[in-house]
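Peer 1: Please find the sequence and the predicted model below.
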Amino acid sequence: AAVVGLLYPCIDSHLGEPHKFKREWASVMRCIAVFVGINHASAKLDFANNVQLSLTLVALSLGLWWTFDRSRSGLGLGITIAFVATLITQFLVYNGVYQYTSPDFLYIRSWLPCIFFSGGVTVGNIGRQLAM
């Protein structure tokens, strides 16, 4: 999480486009609250099937990015983090480090990339605020 939080301000400065959208601690705390809500929804809400759950979490995750970030670098890093973290999780499950009780997408749960994306955006907002 610390590396991801440090990546966001570094990428912003490297690309030359500073992040200017809602830069205050109240916004960061709201972003954390929404992330916790998305995480809780993925675990507790009962959907008819996993496709519905995954599509709902995709919409909520993109809504979190749109509400609290809106930068191209934030979207790119969020997608990259979700992809890499999902691959690492699949590798760990495949090698027996841990397992899911009911995997539905190549050894893991299908909603996991959405959680990684939302977490990346949230930690990135924390990192950007700390970098100020």
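Peer 2: It's in. Residues are numbered from 1 along each chain as shown.
Peer 1: just for the chain, where's the confidence low?
Peer 2: 18-22, 103, 105-107 (pLDDT under 70).
Peer 1: for it, what spans make up the helices?
Peer 2: For the chain, the helices defined by DSSP state H occupy 2-15, 25-44, 50-68, 72-94, 112-131.
Peer 1: helices and strands around the first one, which ones?
Peer 2: Read it as helix 2-15. Contacts defined by 3 or more CB pairs under 8 Å, 6 or more residues apart in numbering; DSSP states H and E place helix 2-15 against helix 72-94, helix 112-131. For glycine as for every other residue, the C-beta is placed from the backbone atoms N, C-alpha and C.
Peer 1: tell me how far the first one is from the chain's mean position?
Peer 2: Centroid separation between helix 72-94 and its chain, computed with CA atoms, centre = their mean, to the nearest Å, is 9 Å.
Peer 1: angle of it against helix 2-15?
Peer 2: For helix 72-94 against helix 2-15, the angle by axes from the mean of the first three to the mean of the last three CA atoms, to 10 degrees is 150 degrees.
Peer 1: ok so, going back, looking at the helices and strands packed on helix 2-15, which is closest to residue 6?
Peer 2: helix 112-131 (5.7 Å; CB to CB).
Peer 1: buried set for the closest one?
Peer 2: For helix 112-131, the neighbour count (16 or more other CB atoms under 10 Å) marks 112-129 as buried.
Peer 1: ok, now stretch 47-61?
Peer 2: Buried-residue list, stretch 47-61, by 16+ other CB under 10 Å: 53, 54, 56, 57, 60, 61.
Peer 1: got a list of contacts for it?
Peer 2: 38, 41-42, 45, 78, 104-105, 109-111, 114-115, 117-118, 121 (CB atoms under 8 Å, 6 or more residues apart in numbering).
Peer 1: Grab the two from those that are most spread out in space.
Peer 2: It's 104 and 121 that sit farthest apart of these, by CB to CB, at 24.1 Å.
Peer 1: Please give me every residue in contact with residue 72.
Peer 2: Contact analysis of residue 72 by CB under 8 Å, 6+ apart lists residue 17.
Peer 1: okay if I get the buried residues of stretch 47-61 as CSV plus distance to residue 14?
Peer 2: Compiled in CSV, these are given as follows (distance: CB to CB, whole Å):
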residue, distance to residue 14
53, 36
54, 32
56, 34
57, 30
60, 29
61, 25
